[in-house]
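S.K.: build the 3D model from these lines:
(chains A, B and C)
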Amino acid sequence: MSDIPNPAAPFADPRGASLLVQDGRTKRRNAAEGRFKLYGIIAIVIGLLMLLTLLFTIISRGTGAFQQTYVTLSVPLLEDKLDKNGNRDLEDIKKVSTFGYSPLLKAAFENKVEAAGIETDLKSKDMADILSKDAAAQLRDHVLANPELIGTAAEFEFLTNSRVDGYLKGRVTRESIANDKNISAEQLDFVDVLIADGSLEKRFNLDFITGADASDARPEAAGMGVSMIGSFAMMLVVLVLALPIGVAASIYLEEFAPKNWITDIIEVNISNLAAVPSIVFGILGLAVFINYMHLPNSAPLVGGLVLTLMTLPTIIISTRASLKSVPPSIRDAALGVGASKMQSVFHHVLPLAAPGILTGTIIGLAQALGETAPLLLIGMVGFIASNPPENIAEGLMSPNSAMPAQIYEWAKRADPAFYERAWGGIIILLVFLISMNAIAVLLRRRFERRW
Amino acid sequence: MKDNRYSESDVTTQPVKIAARNVQVYYGDSHAIRDVDIDIADKTVTAFIGPSGCGKSTFLRCINRMNDTIDAARVTGDIRIDGEDIYDKRVDPVQLRAKVGMVFQKPNPFPKSIYDNVAYGPRIHGLARNKADLDDIVEQALRRGAIWNEVKDRLHAPGTGLSGGQQQRLCIARAVATEPEVLLMDEPCSALDPIATAQVEELIDELRQNYSVVIVTHSMQQAARVSQKTAFFHLGNLVEFGDTDDIFTRPQDPRTESYITGRIG
Amino acid sequence: MLPLVILIAALALGGYFLARRRALASAQGDSRNLHSLPSYYGYNAVMSVAVPALLVLGLWLLVQPMLVQSSVVDMIPAEAVPEGSSVNLIMSDVRRLADGLDAAVSAGALSAGDATDLSAADDLRAWLAERGVAIGAEISPEVLAAAQAYREMTATGNFWRNIVVALIAMIALFLVLRETDAEFRARNRVEGGIKALLILAASLAILTTVGIVLSMLFETINFFNLHPWTDFFFGSSWAPNFRGDSDLSILPLLWGTLYISLIALLVAVPIGLFAAIYLSEYAGPKVRATAKPLLEILAGIPTIVYGLFALLTVGPFLVKVFGRGDAGLLGVDWMSGATSVLTAGLVMGIMLIPFVSSLSDDIINAVPQSLRDGSFGLGATQSETIRQVVIPAALPGIVGAVLLAASRAIGETMIVVLGAGAIARISGNPLEAMTTITTRIVSQLTGDSDFASPETLVAFALGLTLFVLTLGLNVLALYIVRKYREQYE
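M.R.: Presented below is the predicted three-dimensional model:
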């Protein structure tokens, strides 16, 4: 059957006979082995280094947004300027526009300079300019809410404008403002005096988290609050729609679907949809929900619908995995006592798969929270989220922005003050994402059963 | 069916190739192999028999230090090949395994061509100076594996395309291509049909002319057919070792007798 | 319409209790004599009442506007369509006028009789504006007549709709109550209904794909009516402008997309693959348990963050290295702006590292251990085994993973919008800004141009091309992986 040649080996064996001596070739091979391992370690280190750089950049650039510079002033609420008739009639007071409040601010500064003995060449208008353009409106709102204050002098905290804020944060220096029309060196000197005086300081700014967006000229007043509401509204829509539909589809595909070509097509579609670029979903949303169904532009409802379609494949895939992991013996046991197939699924399999489904849903929601591209196309950016919605219906249907879209909008404005806010917004977004993922992991650890 | 033909051959005069003394193997906390002392002779087929889980494969894998790839395994004791302790710190397992070849239970040809399967070992150990040398090595290995005639016209066909028995013979050819001195075979026929098994058994018989062959088998009949020496393992202990004939006709230990007569196993 | 829905709900709810009671009654009060649990009879009734009624309602709501619209359009003579406008624009005026009149009537600003008696008198527009109805253009008599007809037809349609749907609900209730008795297999019926719902949910996937394709297809066809497709696919310049003679070809954009994706893959594939190899073959369990989740974090970071990182950190850094002349690190002046192919490509590569790494990890782990054992048994080192046995065995899967990563890179939007710039050009210099398909989709659809203009419609053509491209890559990846996986099974 076989033909074994002369047993004496015909070729020279260059290897040494002793195992205790590592021959040259083995040494070289081991060196190659070491190098190979090194490449792997380098790759991992590069990846982790990138992660660290990213996190470091985000934190170092973004924490500044949570602090803002304020000035405390005592403003004389002169009756002859605000309520000429003296009736404290709200309609009369409302007639005084924001413009009418600016002289009060100038007066406040004049009083301050006199009282504190500050020497400055600045005119009161330039002094008042260090305040945010929002300041007069802020004052007016407060007076309208408390008309009885007219005639007294009240202490207020005003936001300073973004240049002053930048000065305190190190963004703005005397060299950098050489060509800047918005601020002068004398104003910065004045600011220094006020800092020494204790009435101007940088402190924690809750309004960044809770407040509304602001126009291009007032980055100091911009906040994430309203866009957060927009994001929540969308997440609500996604949860309410994607979870039931996704679970229903998964149950069908996993438990009931026959193995024919229709089922194949459905499954192929789902895995394709999971890989479709997000911008295509945005086009779909624009064409179907806005143009064809005439839903309101920029509404969180539309955003939620688009994100639902995007999240469905993710939820379906993870739900199917959870359903698959429930052993067939459970189903057989249910059928064995006479339950129908549907009862066995809904009464037995689904509750056991629930933790996995929940985890997958939370992760899907977290992914949806960070999506930006489709929202740009349905108009949820470029809109200034300036007023919080009154109720749920308005929250869903009235134009709003979302957190990632808001961040994009700020990044587009090409102002270092807005860049800082964009990074700050990223911190808030990441805090949400980390919490959601942490909850998902905790849930998985707590409830996962190993069959 | 076939008696052990070589029972009175020059088996007893063969030198000792592998000498093991006081070998213990631990998997984590469990003591899998206890106090094994054995001398395995050169140019001989030695069979390890015993019930499932008794440790024969584990001990086999100690001889080429394959247990090193398992984190939880720990080997103590002395195993010497040609007098050199293979667990010495200076020994590189890579070099050891060129000297001690292995054939596995389930044929595992690489998803490469037949030629590349056989040429893999010689290539990494740098055994061929040029392509012509390599061709010779491959051909000789395939002849030694008793498969040359069947594949010589399709050396570049994938190795996974062969039948089960052919694949195992390919794996044997691959193992002998590095010119090892010892050949370890871990139940090489258990995944094969009877005809392929017969082919491989005949091959083993021829192989012993050049190599020291250690074969683990759960079939006593196979051990009786192909081996000259047999070692019986039970619950991690080497119970009895001796000439195959003696083990099967005049076992000394009652456990050996129980196994052979089928009362345990 | 709300009262109608409430009526249906009330009928359904009532049906629940009535059916349940009827079933129990027919079983002499003993629920054990019933085929199904009592609640199933109730649910059956709810289903039988609500589903047909809601279905018909939904269909009616969908079809009625189309029918009304098409018959009103016929009313508008061609001469009444002013220059530069179209029937569609007239129709939207008609709709707005009709809706405005209806709103005014229901708000009480206009009596119902006045509304129908309106004629196209002078200053009708101002008269309406006073009453809170804002119309864009002057109202011609034809438009007014069409709007009145629209209102009338819609009102009639709504009236009949309510009658028909309510009737259906009531008849259904009657029928279902009649068939309810102890023998009736309510549970089977209900479960059949639930199954139909499940199937509907599953078909949503197909519906979505169909929706995606159709929504882009129609507008793409509109676009190709306005702009030659040969120029779109084979022309060489992208320069939209408002005059109407824009150059709108995809090639510069395709070039930008592919160039950036190439750089991204050059970064992500080696790093991701080696990381996966080390983690699956060499790393101990502790290292694996720490490093793998950390790398996965990179995958969970939203792309807007990467985009900002590209624009504000990586870009300026690269400019410091490659630009700024004497003030820069290398003393050269090759790079002027922060946005460039290299910026976007590098950051996208970082984003893709965990993608490639985790896919490769799965694939490498799927290679059977017996192959590794065979290689070790022959005396190969671990790196030789990996390089010569494991990777070749895993190669189809790895190729699939690379294709999937490429598909992801091609479809990525935020990183390139912020990091790659808006200039469309075909150039080999990675330090220049080059725009991509996805960026232009965003800019063309969020710009100010009129929706029906080719400058806006081109975005749909771009979207369709992108969809087909990524779909092709995904299908190819799946095919390769599936074809070669068979060798292990």
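S.K.: so which strand or helix has A:Ala405?
M.R.: Using DSSP states H and E, A:Ala405 sits in helix A:403-412.
S.K.: tell me the buried residues in that helix?
M.R.: A:403-411 (16 or more other CB atoms under 10 Å in any protein chain shown). Placement of C-beta: from N, CA and C, glycine included.
S.K.: those residues into TSV, with extra columns for distance to C:Ile364?
M.R.: Shown next, in TSV, are those (distance: CB to CB, whole Å):
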residue	distance to C:Ile364
A:Met403	37
A:Pro404	34
A:Ala405	39
A:Gln406	41
A:Ile407	37
A:Tyr408	37
A:Glu409	42
A:Trp410	42
A:Ala411	38
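S.K.: pLDDT wise, what is residue 423 at?
M.R.: In the absence of a named chain, this looks at chain A. pLDDT recorded at A:Trp423 is 94.
S.K.: not quite, go with chain C.
M.R.: Predicted confidence (pLDDT) for C:Ile423: 86.
S.K.: kindly report the same for C:Val164.
M.R.: pLDDT recorded at C:Val164 is 91.
S.K.: measure it to C:Ser71 for me?
M.R.: According to CB to CB, to the nearest Å, C:Val164 stands 19 Å off from C:Ser71.
S.K.: C:Gly256 - nearest residue in space that isn't next to it in sequence?
M.R.: Spatial nearest neighbour of C:Gly256, excluding adjacent residues (CB to CB, 6 or more residues apart in numbering or on different chains): C:Met434 at 3.8 Å.
S.K.: and the one you found, which of the three is it?
M.R.: Here C:Met434 is recorded as coil under DSSP: H, G, I helix; E, B strand; the rest coil.
S.K.: pretty sure it is touching C:Gly419, no?
M.R.: No. Between C:Met434 and C:Gly419 there is no contact under CB atoms under 8 Å: 10.9 Å.
S.K.: residues shared between the contacts of the two?
M.R.: C:Ser340 (CB atoms under 8 Å, 6 or more residues apart in numbering or on different chains).
S.K.: okay, the two: which has more neighbours?
M.R.: The residue with more neighbours, out of C:Met434 and C:Gly419 and counting by other CB atoms under 10 Å in any protein chain shown, is C:Gly419; that gives 30 against 27.
S.K.: that one contacts C:Thr343, correct?
M.R.: Yes. Under the contact definition of CB under 8 Å, C:Gly419 touches C:Thr343, with a separation of 4.7 Å.
S.K.: which residues do these two both contact?
M.R.: Residues touching both C:Gly419 and C:Thr343 (CB under 8 Å, 6+ apart): C:310-311, C:314-315.
S.K.: which of the residues you listed has the most neighbours?
M.R.: Result: C:Ala310 is most packed of the shared contacts of C:Gly419 and C:Thr343 (other CB under 10 Å), 30 neighbours.
S.K.: okay, A:Gly170: pLDDT?
M.R.: For A:Gly170, the model assigns a pLDDT of 83.
S.K.: before we move on, back to that, whether the helix holding A:Ala405 contacts chain C - can you check?
M.R.: Yes. Legend: contact between helix A:403-412 and chain C by CB under 8 Å from any CB of the partner chain is shown at A:404, A:407-408, A:411.
S.K.: packing partners of that helix?
M.R.: helix A:225-251, helix A:373-377, helix A:416-447, helix C:303-309, helix C:414-419 (3 or more CB pairs under 8 Å, 6 or more residues apart in numbering or on different chains; DSSP states H and E).
S.K.: other SSEs contacting the fourth one?
M.R.: The contact analysis (3+ CB pairs under 8 Å, 6+ apart) places helix C:303-309 against helix A:24-62, helix A:403-412, helix A:416-447, helix C:341-366, helix C:414-419.
S.K.: quick check: residues of the stretch 101-250 of chain B near chain A?
M.R.: Applying CB under 8 Å from any CB, one finds that the stretch 101-250 of chain B approaches chain A through B:124-128, B:133, B:136-137, B:140, B:143-146, B:148, B:179, B:199, B:202-203, B:206, B:209-210.
S.K.: please repeat the previous calculation with a cut-off of 7 Å.
M.R.: B:126, B:133, B:136-137, B:140, B:143-144, B:146, B:179, B:202-203, B:206, B:209-210 (CB under 7 Å from any CB of the partner chain).
S.K.: can you lay out the residues you listed as CSV showing neighbour count and distance to A:Asn205?
M.R.: Formatted as CSV, these follow (neighbours: other CB atoms under 10 Å in any protein chain shown; distance: CB to CB, whole Å):
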residue, neighbour count, distance to A:Asn205
B:Gly126, 15, 70
B:Asp133, 15, 78
B:Asp136, 14, 81
B:Ile137, 24, 77
B:Gln140, 22, 82
B:Arg143, 18, 84
B:Arg144, 27, 82
B:Ala146, 23, 84
B:Glu179, 22, 78
B:Glu202, 15, 87
B:Leu203, 22, 83
B:Glu206, 15, 87
B:Gln209, 10, 89
B:Asn210, 19, 85
